[in-house]
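**Student:** A predicted structure for the sequence below; I have some questions about it.
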Amino acid sequence: MDGSPERIVNPWGVRTPYAPGTPWPVRTDMHLEEGAGEDDVERWVRSASILHSNGDALDIAVRDGRIVGVRGRAADRVNRGRLGPKDLYGWQANHSPDRLTRPLVRENGRLVECDWDTAMDRITSRTKTLLDERGPGAVGFYTTGQLFLEEYYTLAVLAHAGIRTNHLDGNTRLCTATAAAALKETFGSDGQPGSYEDIDHADTIALFGHNMAETQTVLWMRILDRLEGADPPRLLCVDPRETPVARRAEVHLAPRPGTNVALLNALLHEVIRTGRIDRDYIGAHTVGFDELVSRVAACPPGWAAEICDVPAAQIERAAELLGGARRLLSTVLQGVYQSHQASAAAVQVNNLHLIRGMLGSPGRGLLQMNGQPTAQNTRECGADGDLPGFRNWQNDRHVAELAEIWNVEPDAIPHYGPPTHAMQIFRYAEQGSLGMLWITGTNPAVSLPELARIRSILAQERLFVVVQDLFLTETAQLADVVLPAATWGEKTGTFTNADRTVHLSEKAVEPPGEARPDLDIFLDFAARMDFRDKDGGPLIAWRDPQGAFAAWQRCSAGRPCDYTGLGYDKLRHGSGIQWPCTEDVPDGTARLYTDGISYAHPDRCESYGKDMVTGATVTPVEYRSLNPDGKAVIKAAEYLPPHEDSSPEYPLQLITGRTVYHFHTRTKTGRAPELNAAAPDVWAEISPAEAAVQGLAEGDLVQVTTPRGALRARLRTTAIRDGVVFVPFHYGYWDTPRGHRPPDGLPGRAANETTITDWDPVSKQPLFKTAAARMTLVARRGTGTGTEGTEGTGTAGGTA
């Protein structure tokens with residue numbers, strides 16, 4: 001990394017140590033384009049980060065109608081002025097010369113430019129034809145975790161009550177569906193119990209499958225500053241790789257992929273066996289404890305050691321850490337969410353906090369983390385298929401309440417069964433029952449598992465594909481209509497981070513060419529479709545972001561995610577604010593469940609839960625019998641082996657993940673020079689011992705093969721557990737000659753060429769971390785042999 005910017009070399013910057021119970025010191029980070037100084041900035045425009053889920057508040061620097069940099073906002077509760085590498089450099093993608101500036105339609109097999117009327121008329125015409133001929137089930141929507149709240153809510157209304165389809169989901173299905181599922185299983189509703197400020201008070205922090213150092217860099221800065229201060233917290237890390245988090249942990253457990261439930265059951269066994277439980281809290285606020293005791297009684301550390309390939313003594317040390325904590329904070333992310341038995345494992349972390357009474361007070365927190373900047377809004381607004389406002393599709397009163405808000409009949413809102421998850425939406429498209437798929441701000445031709453299958457689905461002539469995006473992505477190249485969208489800094493709206501903090505992002509500059517805000521596109525479509533309420537008025541009456549926000553406030557009133565005390569003017573001053581924010585709590589709510597469990601009552605809950613093994617929905621009668629008083633549900637889980645495990649033919653376990661320098665499929669970060677130079681191409685990691693067994697060396701060009709496909713990458717030997725290969729999932733083909741797929745007959749470079757079409761039974765989240773694989777040598781380092789997209793792989797870039 002010789003010559004790289006300092007914040008590329010050191011993503012976390014300088015330390016500002018602080019002691020427990022004291023405020024996190026301010027450190028203001030800033031980056032301006034070369035030749036620009038603070039005095040040259042004409043305007044600073046309020047916003048927050050868009051390339052991760054942390055919600056770092058920042059101000060956009062504008063000069064001559066262009067974005068020229070960013071500066072962290074010192075007053076904000078989330079980051080106290082700090083910014084990570086993607087915040088500091090990622091904004092440059094807005095200026096990329098290959099931004100989409102006009103709509104495109106497919107003519108004679110080619111995408112050609114057209115005007116907006118032509119593009120929108122083609123979409124509405126096809127939509128109306130499908131509705132007339134085949135009904136609402138022929139139309140589906142697949143959105144993102146990067147729009148604004150106002151856009152998600154508008155999309156949810158037009159899909160649920162306009163089209164009346166149940167086929168609506170977000171790419172949040174790939175990253176945070178398990179977070180939502182686990183919270184619903186335990187607390188009856190989505191909504192993070194904890195707060196980032198719990199880091200300031202915790203004496204023990206447990207990170208389960210969460211490489212915070214690279215996915216939430218600013219939050220990791222907060223922990224680093226605690227570690228450098230007086231009375232630092234003790235860290236537990238559960239991760240098969242030696243990440244930056246693992247290197248700072250007092251205890252690092254590196255289990256075999258797919259065995260998280262076995263490990264967590266053993267930890268629960270030890271905490272219960274040693275009496276480190278809060279019986280008063282359990283009795284007052286939970287149901288199901290006896291079942292948990294019975295389930296984990298046969299799960300001592302020695303039992304888990306055999307399954308997880310982790311020494312029993314290490315499991316006992318970890319249990320001692322968890323059991324001895326006075327103020328325990330736990331975080332959970334993709335190492336759990338994208339693995340076998342994802343929801344069951346995440347729920348066991350919830351159980352740990354319930355039996356220890358570690359909720360609702362400073363330092364006693366739980367964060368089932370998100371992976372995208374507005375994933376929380378996708379879920380709360382109903383753009384993931386759930387009903388808006390965390391309403392329960394099985395509760396007729398909730399449906400009637402929503403129908404009253406939208407002024408439609410209850411039967412107009414699909415609630416005949418659970419919402420269709422993304423993996424099933426693509427299955428319907430594959431089978432032909434879905435005739436139209438509108439994809440917004442996401443790139444499934446790189447991000448979904450088993451890419452050869454996904455490309456074949458999107459390329460079907462019988463499937464009408466609409467893509468709404470900034471660039472001609474791998475997915476957009478397969479579309480029938482492509483709509484150029486405005487992005488962050490070019491439109492106004494609100495978004496909510498992983499600890500429920502709401503920020504306002506204001507328009508700083510004009511979008512390029514004819515690109516439009518996503519809200520304007522949805523409103524245009526709704527007007528052309530002439531969606532009406534039951535009295536003949538327009539179904540969607542708002543015309544701008546503030547109108548959409550006001551409509552959402554009404555929808556959120558009285559629900560767990562209550563926004564009625566918020567507003568644009570309020571968000572223009574000081575810090576972001578955590579929901580629920582109401583007239584009674586005008587400054588927001590730092591922590592949920594400070595006085596018992598609030599939203600699990602059968603009449604209020606968002607979900608009655610699911611079976612941990614089959615995913616079958618619990619009925620209202622069953623839930624009311626189990627939990628009549630609305631307590632937290634302690635839900636035990638049995639360990640089950642992964643569906644696909646290593647074998648003589650495929651002796652390795654493949655896991656995918658992220659690097660600190662990139663976000664999703666690199667459509668933005670790959671166009672930021674500093675970020676792209678730090679990690680320009682894909683790589684594959686195995687341990688030095690595994691490399692020796694295979695006769696491989698650092699820098700060799702290798703092929704990673706699974707039963708689905710193969711990829712080629714340069715090898716890195718790292719401190720990952722033996723028998724595991726790691727590949728970052730960001731790399732596709734938009735910056736290669738082919739553009740959207742591998743060369744004919746050759747392996748590609750996208751990790752998802754190799755991943756399995758399988759998902760968690762509860763959350764329906766795809767399993768990106770449980771594939772069987774083998775690695776073979778293609779060429780020795782320095783031979784210059786490779787395939788398209790694999791040459792020039794740098795050695796820079798962190799773990800993921």
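**Tutor:** Yep, it's here. Residues are numbered from 1 along each chain as shown.

**Student:** what's near enough to touch the residue nearest to residue 229 when sequence neighbours are not counted?
**Tutor:** With sequence-adjacent residues excluded and distances taken as C-beta to C-beta, 6 or more residues apart in numbering, residue 229 is closest to residue 17, at 3.8 Å. For every residue, glycine as well, the C-beta is placed using N, CA and C. Neighbour list for residue 17: 225, 226, 228, 229, 230 [criterion: C-beta atoms under 8 Å, 6 or more residues apart in numbering].

**Student:** could I get those residues as JSON lines with pLDDT?
**Tutor:** Below are these laid out as JSON lines (pLDDT from 0 to 100):
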{"residue": "225", "pLDDT": "98"}
{"residue": "226", "pLDDT": "98"}
{"residue": "228", "pLDDT": "98"}
{"residue": "229", "pLDDT": "98"}
{"residue": "230", "pLDDT": "98"}
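
**Student:** of the residues you listed, buried ones?
**Tutor:** The neighbour count (16 or more other C-beta atoms under 10 Å) marks 225, 226, 229 as buried among the contacts of residue 17.

**Student:** The first one - that's part of a helix, no?
**Tutor:** Meaning residue 225. Yes - under DSSP: H, G, I helix; E, B strand; the rest coil, residue 225 falls within a helix.

**Student:** separation between it and residue 622?
**Tutor:** 47 Å (C-beta to C-beta, to the nearest Å).

**Student:** Over to residue 778?
**Tutor:** Distance from residue 778 to residue 622, by C-beta to C-beta: 55 Å.

**Student:** close enough to count as contact, residue 594 and residue 361?
**Tutor:** Yes - under the criterion of C-beta atoms under 8 Å, residue 594 makes contact with residue 361 at 6.9 Å.

**Student:** what's the domain layout of the protein?
**Tutor:** Using automatic domain parsing, the domain ranges for the chain come out as 6-95, 104-175+374-488+510-533, 177-369+599-633, 652-779.

**Student:** And the strands in the stretch 451-600 of the chain, which stretches?
**Tutor:** Assigned by DSSP state E, counting those that start in this stretch, the stretch 451-600 of the chain shows strands spanning 464-469, 481-484, 493-496, 501-505, 577-578.

**Student:** which of those is buried the deepest?
**Tutor:** Ranked by mean neighbour count, these are led by strand 493-496 with a mean of 28 (mean count of other C-beta atoms under 10 Å).

**Student:** centre of the chain versus it, how much separation?
**Tutor:** Remark: strand 493-496 is offset 16 Å from the chain centroid, using C-alpha atoms, centre = their mean, to the nearest Å.

**Student:** Go ahead and confirm residue 557 touches residue 565.
**Tutor:** No - at 10.1 Å, residue 557 does not count as touching residue 565 under the criterion of C-beta under 8 Å.

**Student:** who's more crowded, the two?
**Tutor:** Shown here are residue 557 and residue 565; by other C-beta atoms under 10 Å, residue 565 has more neighbours (19 against 13).

**Student:** And that one, how far from residue 198?
**Tutor:** If you go by C-beta to C-beta, the gap between residue 565 and residue 198 works out to 23 Å.

**Student:** With residue 722 instead?
**Tutor:** Where residue 198 is concerned, residue 722 sits at a distance of 35 Å (C-beta to C-beta).

**Student:** Just want to know which of these two has more residues nearby.
**Tutor:** residue 198 (26 against 14).

**Student:** backbone phi and psi for the more buried one, please?
**Tutor:** Phi and psi for residue 198, reported as degrees, to the nearest 10, are phi -60, psi -20.

**Student:** Okay, angle between the longest helix anywhere in the chain and strand 464-469 too, please.
**Tutor:** Assignment by DSSP state H gives helix 116-133 as the longest helix of the chain. With axes from the mean of the first three to the mean of the last three C-alpha atoms, to 10 degrees defining the directions, helix 116-133 sits at 140 degrees from strand 464-469.
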